[in-house]
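**Q** Sequence first, predicted coordinates after that:
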Amino acid sequence: MRLTAEGLAARRGEDLLFSDISFDLGAGEGLILTGRNGSGKSTLLRVIAGLLRAERGAVTWHSSGDGPIRAGEACHYLGHRNAMKAELSVEENLGFWKSFFGDFKGGTGISAAEAADRVGLGGITHLPFGYLSAGQQRRMAFAKLLVSYRPVWILDEPTAALDARAEATFADLIREHLGRGGILLAATHQPLGLEGMRELRMTGFAGVAGEFGA
Ligand SMILES: Nc1ncnc2c1ncn2[C@@H]1O[C@H](COP(=O)(O)OP(=O)(O)OP(=O)(O)O)[C@@H](O)[C@H]1O
């Protein structure tokens, strides 16, 4: 799997929020977007995920052996909101996403019960999602990434509302994903505790272009 962004620019209102952003991510690679509030991290993630139109530039997704594929087929996008129905049980929510997404070729998702176990919340999948605490809800939203296989994970502030233990669990799950040849693109204010990630510092309207760090 390969994800390539070339010369991306996005407009918010009258002005360009960023321009000339290019990167290329292959199997096992990750890029972390950092920058102050409003610097354009979520906007860039949404452009990559195909949820917003770029002003200029292109995003291409290539799976070995196939031609270009669509973002929705190849990625999981976890935004600020958890995309779960409060009145349905956790099991029903995860079951819905599992059948809605299906698996991208080359991998298989795990069951809702196993996914809940992996995020440290086995045994409470019968509860309505709305009964869970904010941190438990975020953990269950992360479990959504495990019930169906997608090679690219696009995560917007994945660790917001999490305690240190859950942060460590997420870091382990991301490491496992990368170890299996997955790709990570994440925006964050808190370090995710991952080694060997590239960093793109977004500068927002003030600087327009992003800067790459180590
Ligand atoms: N629909 C919109 N119309 C106009 N401006 C918008 C719109 N959505 C976002 N913006 C502006 O675009 C800028 C970038 O927003 P974005 O959500 O991408 O930032 P961010 O880096 O993810 O911020 P945070 O760290 O607070 O999550 C902000 O100044 C925001 O006010």
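**A** Nice, I can see it. Numbering: from 1, shown residues only.
**Q** Phi and psi next, for residue 86.
**A** The phi/psi pair for residue 86 (degrees, to the nearest 10) reads phi -60, psi -30.
**Q** Then residue 32 would be within a strand, right?
**A** Yes - membership of residue 32 in a strand is supported by DSSP: H, G, I helix; E, B strand; the rest coil.
**Q** wait, isn't it in contact with residue 195?
**A** No - counting by CB atoms under 8 Å, residue 32 stays clear of residue 195, with 11.5 Å between them. Backbone N, C-alpha and C define where each C-beta goes, glycine included.
**Q** So which of the two has more stuff around it?
**A** The neighbour comparison of residue 32 against residue 195 (other CB atoms under 10 Å) goes to residue 32, with 20 against 8.
**Q** Could you list the low-pLDDT ranges of this protein?
**A** By pLDDT under 70, the low-scoring segments of the chain are 206-214.
**Q** Tell me where it has helices.
**A** Secondary structure of the chain (DSSP state H): helices at 41-48, 71-74, 90-101, 112-118, 134-147, 164-179, 204-207.
**Q** Which of those helices sits closest to residue 2?
**A** Ranking those by proximity to residue 2 (CB to CB) places helix 71-74 first, at 10.0 Å.
**Q** Show me what from the protein comes close to the ligand.
**A** 12-13, 17, 35, 37-43, 187, 202 (CB under 6 Å from any ligand atom).
**Q** Tell me, how many residues neighbour the spatially closest residue to residue 107 that is not a sequence neighbour?
**A** Counting by CB to CB, 6 or more residues apart in numbering, residue 149 is the residue found nearest to residue 107 once chain neighbours are left out, at 3.2 Å. Counted by other CB under 10 Å, the residues lying close to residue 149 total 20.
**Q** ok now do residue 149, which residues does it touch?
**A** By CB atoms under 8 Å, 6 or more residues apart in numbering, the contact set of residue 149 is 103, 104, 106, 107, 108, 109.
**Q** need the contact list for residue 54.
**A** Each residue near residue 54 by CB under 8 Å, 6+ apart is listed here: 8, 9, 10, 47.
**Q** Check residue 137 too.
**A** Going by CB under 8 Å, 6+ apart, residue 137 touches 82, 84, 129, 161.
**Q** rerun that using 7 Å as the cut-off
**A** Residue 137 sits next to 82, 129 when contact means CB atoms under 7 Å, 6 or more residues apart in numbering.
**Q** now residue 23
**A** Residues in contact with residue 23 (CB under 7 Å, 6+ apart) are 5, 31, 200.
**Q** how much space is there between the residue nearest to residue 129 when sequence neighbours are not counted and residue 154?
**A** Spatial nearest neighbour of residue 129, excluding adjacent residues (CB to CB, 6+ apart): residue 84 at 4.6 Å. Distance, residue 84 to residue 154, by CB to CB, to the nearest Å: 18 Å.
**Q** Neighbour count for the two, which is higher?
**A** Taking other CB under 10 Å, residue 84 and residue 154 do not tie; residue 154 has more neighbours (25 against 21).
**Q** ok, the more buried one to residue 124 distance?
**A** Distance, residue 154 to residue 124, using CB to CB: 27 Å.
**Q** Among the contacts of residue 149, which pair sits farthest apart?
**A** Taking CB to CB, no two of the contacts of residue 149 sit farther apart than 106 and 109, at 12.0 Å.
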